[in-house]
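In: sequence first, then the predicted structure, then my questions.
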Number of protein chains: 2
Amino acid sequence: MHQVIDMAGVDLLQANQAGADRNRAQFDRWGMTCLNVMSSPGAGKTVLLEKTLEALRDHLKIAVIEGDMTTQLDAERLRRCGVPVIAINTGRSCHLDAHMVAGGMHQLEREHSPEQFDLVFVENVGNLVCPAEFEVGEHAKVALLSLTEGEDKPLKYPVMFREADCLLVSKLDLAPYLEVDLGQIEANVRQLNPNASIIPLSAKSGEGLELWFEWVQQQVRRVRSQQPQVVL
Amino acid sequence: MHQVIDMAGVDLLQANQAGADRNRAQFDRWGMTCLNVMSSPGAGKTVLLEKTLEALRDHLKIAVIEGDMTTQLDAERLRRCGVPVIAINTGRSCHLDAHMVAGGMHQLEREHSPEQFDLVFVENVGNLVCPAEFEVGEHAKVALLSLTEGEDKPLKYPVMFREADCLLVSKLDLAPYLEVDLGQIEANVRQLNPNASIIPLSAKSGEGLELWFEWVQQQVRRVRSQQPQVVL
């Protein structure tokens, strides 16, 4: 979080929230569920999405809005999974905001029929601080914490762990080589957030992935049951 | 980077730069070298500083300015190494800025004789994006990239890797368990920054630490040779 009041005295967080609410209403009209995926750089968001697209693309119609500061590297990786990927370069911005995601939604609308999609993943910029404060219109927030980052991170970066609906503890395959206590990570998260789903997993070994896939599908069912039913 | 112009139209980055220059001039008057240590959360800044303080505290008089959003966890760890640690809680801010560090310098002045110190480490908030844009008065920037974060991070977060005077590739002990190409990390950094020192190391195994300790001592010698000699 840097400056939150702009030159004209506008509260940027409040303006962002209004934009996020508009985005969510649009996703609801399209009958789409939006999940905002956030973590530190290198915690494994992109490889998790690769595995998720491979596993779920025959059951759900999925798109991705991919946020990166400068490159198209992650967008290219995910396009290889055969789903539409809208790439947003944030330039010097350390997070996606509602306005940027609205731009991605307009592109989705121009290039595809958005009503066909069940689910859109927003992959945020790798940053454990700022993305948690800028809602983009998601129905649920997913945070990844790599096991390699250590037990203390929920306490040191509380906003992300307080806001998350689902916490994925990634790189579980490295557990034998680390002196990190998974139980302590869970206890630290629970201090801040009693209700989040906590799923330890490894995109490499596959451990825990089925629980994550089931959580994603539950979200789609939950959100759909709350969305207005459009009679075509 | 969020908003860089404040309500009164002040360019925040320019104002920060002026504050950083003032801080650096004060460090120079004190005869102190300041190193700004930055990385993603969990890349190993604090454990590296623990090892560094243990190795160098008999040769150099060292203090630490420790930036954390909310807790004193890292400050307490470093105090156990027997050096003065000034803790700065940044609250919702995702980086230290020159103004915050100036506050830490005032505290150092009140509680200690700052002229006695050779070296101060500033441990920044864990964030691979914003700290690189906000100079705090350092004589050199040190960036850590954990090997677990992958080869692509220099390309995806270019500001940090362009600005760094020294890049430490940490957690080298995990190399046998990762499919990460250290040579590719180095090549990606070199695209952006031909001159940075690149030191792969592991605080756990000790590999590479001697090179890092030597780099730190070189910086102290380099900076001291450029500082005005105060006749007492």
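Out: Sure thing, it's come through.

In: only C-alpha atoms from now on, for both contacts and neighbour counts.
Out: Will do.

In: tell me, what residue is most central in chain A?
Out: residue A:37 (1.4 Å; CA atoms, centre = their mean).

In: what about that residue, which SS state?
Out: strand (DSSP: H, G, I helix; E, B strand; the rest coil).

In: identify the bridge partners of it.
Out: residue A:123, residue A:142 (DSSP bridges).

In: contacting residues for it?
Out: A:45, A:121, A:122, A:123, A:124, A:141, A:142, A:143, A:144 (CA atoms under 8 Å, 6 or more residues apart in numbering or on different chains).

In: could you pull up the residues touching the second one?
Out: Residues counted as contacts of residue A:121 (CA under 8 Å, 6+ apart) are A:34, A:35, A:36, A:37, A:62, A:63, A:64, A:65.

In: so what's the second one up against?
Out: What that stands for is residue A:35. Counting by CA under 8 Å, 6+ apart, residue A:35 touches A:119, A:120, A:121, A:122, A:138, A:139, A:140, A:141, A:142.

In: how about a cut-off of 6 Å?
Out: A:121, A:138, A:139, A:140, A:141 (CA atoms under 6 Å, 6 or more residues apart in numbering or on different chains).

In: those residues in strands, which ones?
Out: Among these, the members falling in strands (DSSP state E) are A:121, A:140, A:141.

In: between the contacts of residue A:37, which is nearest chain B?
Out: Within these, the smallest distance to chain B is 11.0 Å, found for residue A:45 (CA to the nearest CA).

In: burial count for the closest one?
Out: The tally of other residues near residue A:45 (other CA atoms under 10 Å in any protein chain shown) stands at 26.

In: likewise for residue A:76?
Out: Residue A:76 - counted by other CA under 10 Å - has 13 other residues nearby.

In: what separates it from residue A:59, distance-wise?
Out: Distance of residue A:76 to residue A:59, computed by CA to CA, to the nearest Å: 22 Å.

In: re earlier: is it possible to get TSV of the contacts of residue A:121 that adds pLDDT?
Out: Listed next are these as TSV, based on pLDDT from 0 to 100:
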residue	pLDDT
A:34	98
A:35	98
A:36	98
A:37	98
A:62	98
A:63	98
A:64	98
A:65	98
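
In: quick one: those residues as CSV, columns for distance to residue B:16 too.
Out: Listed next are the contacts of residue A:121 as CSV, based on distance: CA to CA, whole Å:
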residue, distance to residue B:16
A:34, 38
A:35, 36
A:36, 32
A:37, 32
A:62, 43
A:63, 40
A:64, 37
A:65, 34
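
In: pull out the buried residues from the residues you listed.
Out: Neighbour-count burial (16 or more other CA atoms under 10 Å in any protein chain shown) applied to those gives A:34, A:35, A:36, A:37, A:62, A:63, A:64, A:65.

In: residue A:66: what secondary structure?
Out: Of the three states, residue A:66 takes strand under three-state DSSP.

In: got it, and residue A:169?
Out: What three-state DSSP gives for residue A:169 is strand.

In: was I right about it contacting residue A:145?
Out: Yes: shown here, residue A:169 and residue A:145 form a contact pair, counting by CA atoms under 6 Å, at 4.9 Å.

In: tell me the secondary structure for residue A:176?
Out: Classification of residue A:176 using three-state DSSP returns helix.

In: against residue B:177, how distant is it?
Out: Look at residue A:176 and residue B:177: by CA to CA, they are 10 Å apart.

In: also residue A:65?
Out: Residue A:65 sits 31 Å away from residue B:177, going by CA to CA.

In: again, but for residue A:159
Out: When distance is defined by CA to CA, residue A:159 is 31 Å away from residue B:177.

In: those two - which one has more neighbours?
Out: Legend: neighbour count by other CA under 10 Å for residue A:159 and residue B:177, higher for residue A:159 (18 against 11).

In: check which helix or strand covers the more buried one.
Out: Assigned by DSSP states H and E, residue A:159 belongs to helix A:158-163.

In: and residue A:152, how many neighbours?
Out: Residue A:152 has 17 neighbours, counted by other CA under 10 Å.

In: contacting residues around residue A:187?
Out: Contacts for residue A:187 (CA under 6 Å, 6+ apart) come out as none.

In: residue A:67 contacts residue A:88, correct?
Out: Yes: in this structure, residue A:67 is within contact of residue A:88 by CA under 6 Å, at 4.9 Å.

In: quick one: which of those two has more around it?
Out: Higher neighbour count among residue A:67 and residue A:88: residue A:67, with 28 against 23, using other CA under 10 Å.

In: got the contact list for the more buried one?
Out: A:88, A:89, A:123, A:124, A:125.

In: which pLDDT value belongs to it?
Out: Listed pLDDT for residue A:67 reads 97.

In: tell me the phi and psi of the nearest residue to residue A:90 once chain neighbours are set aside?
Out: Nearest residue to residue A:90, sequence neighbours excluded (CA to CA, 6 or more residues apart in numbering or on different chains): residue A:69, at 4.6 Å. Residue A:69 adopts backbone torsions of phi -60, psi -50, taken as degrees, to the nearest 10.

In: so how far is residue A:103 from residue A:69?
Out: Per CA to CA, residue A:69 is found 15 Å from residue A:103.

In: roughly how far does residue A:20 sit from chain B?
Out: Distance, residue A:20 to chain B, using CA to the nearest CA, to the nearest Å: 17 Å.

In: same thing with residue A:202?
Out: Taken as CA to the nearest CA, the span from residue A:202 to chain B is 13 Å.

In: in three-state terms, label that residue for me.
Out: Recorded secondary structure, residue A:202: coil (three-state DSSP).

In: mind telling me what element residue A:108 is part of?
Out: Element membership of residue A:108, judged by DSSP H and E, is helix A:98-111.

In: pass me the low-pLDDT residue ranges in chain A, would you?
Out: Along chain A, the parts satisfying pLDDT under 70 run over A:1-10, A:230-232.

In: any chance you could map the strands in it?
Out: Counting by DSSP E, the strands of chain A are A:33-38, A:62-68, A:85-89, A:119-123, A:140-146, A:166-170, A:197-200.

In: would JSON lines of those with distance to residue B:11 be doable?
Out: JSON lines is the format used below for the strands of chain A (distance: least, CA to CA, whole Å):
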{"stretch": "strand A:33-38", "distance to residue B:11": "29"}
{"stretch": "strand A:62-68", "distance to residue B:11": "25"}
{"stretch": "strand A:85-89", "distance to residue B:11": "23"}
{"stretch": "strand A:119-123", "distance to residue B:11": "30"}
{"stretch": "strand A:140-146", "distance to residue B:11": "33"}
{"stretch": "strand A:166-170", "distance to residue B:11": "37"}
{"stretch": "strand A:197-200", "distance to residue B:11": "42"}
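
In: cool, thanks, signing off.
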